[in-house]
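Chemist: take a look and give me a structure for this.
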Amino acid sequence: MNQLIEDFQNMTQEELVGLGMVVGMVALVCRLFKRKSKPVAPIDPLDYPLMQWVPGCWFTVRHLLANVLALGATGSAKTSGSGRQLMRAIVRLPTSGGLLLCSKPEDIDEIRAIFDRAGRLDDLIVVNADGELGFNYLDFAISLGADARDLTRWVMVPAETLRARESKGGGEMGDFWDRENERLIYNAVLVILLAKQRITISDIQQFIMTSLQNPQQVTSPEWQGCFHDKCMRAAFDAPKTPIQQHDFDIATAYLFREWPSMADKTKSSINTGVLGMLHCMNSGLARVLCSDKTNVSPAEMLRGRWIAINLRPRSTAIRGCSSIPCGSTPRRK
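Modeler: Numbers count the residues shown, from 1 in each chain. Predicted structure coming up:
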């Protein structure tokens with residue numbers, strides 16, 4: 001030890017500087033190694049930073065999922081200001097997905113530009129009025145396990161929206177017609193679903209239009225073999241749960257006894273109201289978008305893709321389609 005101290009005292013200034021540098025470098029390497037080997041707690045995905053409103057004020061996924069409200073007068077840049085900034089930040093999150101509603105013709109170009117800058121143009125699905133993309137929401141509901149009661153509501157809500165339901169008379173009579181319209185649609189949906197295992201608005205419309213109008217018609221060769229008759233026979237032969245069998249028996253009694261014997265004015269009013277609702281969803285752009293083929297669905301949003309509806313909100317078809325209960329929300333990632 002004494003020899004080590006003596007050698008240290010005899011070292012020149014240059015040797016001391018070199019020794020100090022070596023010791024310092026060894027200490028730095030040891031510190032860095034210790035820092036890298038220390039386990040780092042993973043960040044909560046909800047605390048992922050999206051952007052800064054102002055320096056030091058971070059806006060995270062957690063804040064986004066707690067809802068965002070932008071207030072301002074018309075023309076105060078709610079969309080082009082804070083809205084655009086939010087959209088850019090959300091789109092930059094690789095796992096994000098959602099629904100975009102274009103209210104102006106120029107919106108889609110801005111949306112495409114934002115996705116292009118984020119390198120996610122392939123994650124953008126644009127639904128236009130050309131009918132190339134469609135979503136048969138009844139098929140989607142069945143895939144989610146919807147029963148006849150659920151499907152009845154999925155039929156009535158969009159159709160009533162398209163039909164501007166608020167223009168109808170209210171009161172007790174309004175409630176009566178609502179209940180009777182729903183009962184006819186429910187019985188039709190139940191039978192068609194048992195017969196075909198899938199259903200379309202066109203099926204419901206055709207089933208009701210070919211229904212029995214009087215008890216004697218059941219033996220008519222012209223009626224036998226029609227769409228209504230074929231569905232009833234197929235539903236009768238289809239395997240059923242006890243609940244389905246009970247409901248099918250009620251539907252059969254309604255369609256073969258109560259409906260044909262109903263007073264003409266009452267039956268005509270129900271028939272006209274229901275077919276009027278179905279016509280809205282089985283014609284024009286609404287049929288192409290919501291009652292025909294399915295090559296896009298809300299499930300895309302759960303896979304990290306975005307669906308842009310490039311149609312004006314004032315469009316009749318969009319008012320109805322926007323009321324469809326999709327039963328799906330963008331993923332929380």
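Chemist: show me the helices in the stretch 51-200 of the chain, by range?
Modeler: With DSSP state H, counting those that start in this stretch as the criterion, the stretch 51-200 of the chain has helices at 61-65, 84-92, 107-117, 137-143, 148-162, 171-196.
Chemist: which one of those lies closest to Met281?
Modeler: Taking CB to CB as the criterion, Met281 comes closest to helix 148-162 out of these, the separation being 5.2 Å. For every residue, glycine as well, the C-beta is placed using N, CA and C.
Chemist: wouldn't Cys226 be in contact with Ile208 here?
Modeler: No. At 11.8 Å, Cys226 and Ile208 do not qualify as touching, with contact defined as CB atoms under 8 Å.
Chemist: make a markdown table from the helices of the stretch 51-200 of the chain and add distance to Cys290 and mean pLDDT to it.
Modeler: Supplementary listing: the helices of the stretch 51-200 of the chain in a markdown table, determined by distance: least, CB to CB, whole Å; pLDDT from 0 to 100:
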| stretch | distance to Cys290 | mean pLDDT |
| --- | --- | --- |
| helix 61-65 | 28 | 90 |
| helix 84-92 | 26 | 92 |
| helix 107-117 | 20 | 94 |
| helix 137-143 | 6 | 89 |
| helix 148-162 | 7 | 83 |
| helix 171-196 | 16 | 89 |
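Chemist: could you point out which of the ones you listed sits nearest Val274?
Modeler: Among the helices of the stretch 51-200 of the chain, the nearest to Val274 by CB to CB is helix 171-196 (5.1 Å).
Chemist: buried stuff in the helix or strand following the closest one?
Modeler: Following helix 171-196 in sequence order, the next helix or strand is helix 201-209 (DSSP states H and E). Neighbour counts using 16 or more other CB atoms under 10 Å place 201, 203-208 of helix 201-209 among the buried residues.
Chemist: closest to Val127 out of those?
Modeler: Val127 lies nearest to Ile201 out of the buried residues of helix 201-209, by CB to CB, at 18.5 Å.
Chemist: what about that closest one, distance to Ile185?
Modeler: Computed as CB to CB, to the nearest Å, the Ile201 to Ile185 distance reads 10 Å.
Chemist: can you check Met262 too?
Modeler: Counting by CB to CB, the gap from Met262 to Ile185 is 16 Å.
Chemist: repeat that for Tyr137.
Modeler: Using CB to CB, Tyr137 is found at 15 Å from Ile185.
Chemist: looking at the buried residues of helix 201-209, which is nearest Gly56?
Modeler: Minimum separation from Gly56 among the buried residues of helix 201-209 (CB to CB) is found for Ile201, which lies at 54.0 Å.
Chemist: what sits closest to Leu190 if chain neighbours are left out?
Modeler: Here the nearest residue to Leu190 in space, its sequence neighbours aside, is Ala148; by CB to CB, 6 or more residues apart in numbering that works out to 4.1 Å.
Chemist: wait, doesn't the one you found sit right on Ala188?
Modeler: No. Contact between Ala148 and Ala188 fails when scored by CB under 8 Å: they sit 9.3 Å apart.
Chemist: look at the two and report which has more neighbours.
Modeler: Shown here are Ala148 and Ala188; by other CB atoms under 10 Å, Ala188 has more neighbours (28 against 21).
Chemist: which residues does the more buried one contact?
Modeler: Counting by CB atoms under 8 Å, 6 or more residues apart in numbering, Ala188 makes contact with 204, 207-208.
Chemist: which stretches of the stretch 201-333 of the chain have low pLDDT?
Modeler: For the stretch 201-333 of the chain, the stretches with pLDDT under 70 are 313-333.
Chemist: hey, where'd the helices end up in it?
Modeler: Listed in chain order, the helices of the stretch 201-333 of the chain (DSSP H, counting those that start in this stretch) span 201-209, 227-237, 242-253, 259-261, 264-281, 284-290, 299-302, 316-321.
Chemist: how about the ones you listed in a markdown table, adding distance to Asp107?
Modeler: Shown next, in a markdown table, are the helices of the stretch 201-333 of the chain (distance: least, CB to CB, whole Å):
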| stretch | distance to Asp107 |
| --- | --- |
| helix 201-209 | 29 |
| helix 227-237 | 42 |
| helix 242-253 | 46 |
| helix 259-261 | 48 |
| helix 264-281 | 26 |
| helix 284-290 | 18 |
| helix 299-302 | 18 |
| helix 316-321 | 14 |
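Chemist: so which of these comes closest to Ala73?
Modeler: Put simply, out of the helices of the stretch 201-333 of the chain the one that sits nearest Ala73 is helix 316-321, at 25.3 Å, with distance taken as CB to CB.
Chemist: any buried residues in stretch 117-133, and which?
Modeler: Of the residues in stretch 117-133, those with enough neighbours to count as buried (16+ other CB under 10 Å) are 118, 120, 123-127, 133.
Chemist: many thanks, have a good one.
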